[in-house]
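Colleague: Sharing a model that was predicted from the sequence below.
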Amino acid sequence: MYYNIKPMSDEKIKKILLEYKNIATVGFSTNPEKPARKVPVFLISKGYNVIPVNPNHEKILGRKSYKSILDVEEKIEIVQVFRPSEEVPKIVEDIIKRRNLKGDVKVLWLQEGIKSKSTHKLKELGIDVIEDRCMYKEYVRLFKDKEG
């Protein structure tokens, strides 16, 4: 079932990027050289509300950083992940718990190089899953944005 999933269409990804503005970023980095810092900074510059989720920091870019998506007080529409694939099943479980409590997560976005069989649980709940794709690159490609 997992390997036969067809990739999400450009139209659907564009709709997600236009419709949802609250992004919890798991693995948001304080290192300015890492994509896990550059991508959220880019998204903030485009008007997204990016919420850091990194248990090692209290604040990142002046924004409160949470230990887990379960601790985030604000509404979350997209959970963006910059963590190894092995950590995705735990994140999936947290999304399911959060969805049951708050009903707010609509999309799980796994950055380039990140995949997990565990995501089928989210698809069954109607949560969209994007795997192995960079949110920055998709934004630039779909909106013909030359900034970055």
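Modeller: That came in fine, so what should we check first?
Colleague: Other residues contacting the longest helix along the chain?
Modeller: Longest helix of the chain, by residue count under DSSP state H: helix 88-102. The contact list for helix 88-102 (CB atoms under 8 Å, 6 or more residues apart in numbering) reads 26, 68-70, 75-76, 79, 81, 83, 104-105, 108, 110, 114-116, 118-119, 121-122, 125, 127. (Each C-beta comes from the backbone N, C-alpha and C, glycine too.)
Colleague: How far off centre is it?
Modeller: In terms of CA atoms, centre = their mean, to the nearest Å, the centre of helix 88-102 is set 13 Å apart from its chain centre.
Colleague: Just the buried residues of the contacts of helix 88-102.
Modeller: 26, 69, 76, 79, 81, 83, 105, 108, 110, 114, 116, 118-119, 121-122, 127 (16 or more other CB atoms under 10 Å).
Colleague: quick one: which of these is nearest Arg141?
Modeller: Using CB to CB, Leu110 comes nearest to Arg141 of the buried ones among the contacts of helix 88-102, at 17.3 Å.
Colleague: Contact partners for the residue nearest to the spatial centre of the chain?
Modeller: Centroid-nearest residue in the chain: Gln80, 1.2 Å away (criterion: CA atoms, centre = their mean). Gln80 makes contact with 23-26, 39-40, 109, 111, 135 under the criterion CB under 8 Å, 6+ apart.
Colleague: Need these in JSON lines (columns: secondary structure, distance to Pro52 and pLDDT).
Modeller: Listed next are the contacts of Gln80 as JSON lines, based on DSSP: H, G, I helix; E, B strand; the rest coil; distance: CB to CB, whole Å; pLDDT from 0 to 100:
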{"residue": "Ile23", "secondary structure": "strand", "distance to Pro52": "10", "pLDDT": "98"}
{"residue": "Ala24", "secondary structure": "strand", "distance to Pro52": "8", "pLDDT": "98"}
{"residue": "Thr25", "secondary structure": "strand", "distance to Pro52": "6", "pLDDT": "98"}
{"residue": "Val26", "secondary structure": "strand", "distance to Pro52": "9", "pLDDT": "98"}
{"residue": "Val39", "secondary structure": "helix", "distance to Pro52": "12", "pLDDT": "97"}
{"residue": "Pro40", "secondary structure": "helix", "distance to Pro52": "7", "pLDDT": "98"}
{"residue": "Trp109", "secondary structure": "strand", "distance to Pro52": "15", "pLDDT": "97"}
{"residue": "Gln111", "secondary structure": "coil", "distance to Pro52": "15", "pLDDT": "96"}
{"residue": "Met135", "secondary structure": "helix", "distance to Pro52": "15", "pLDDT": "97"}
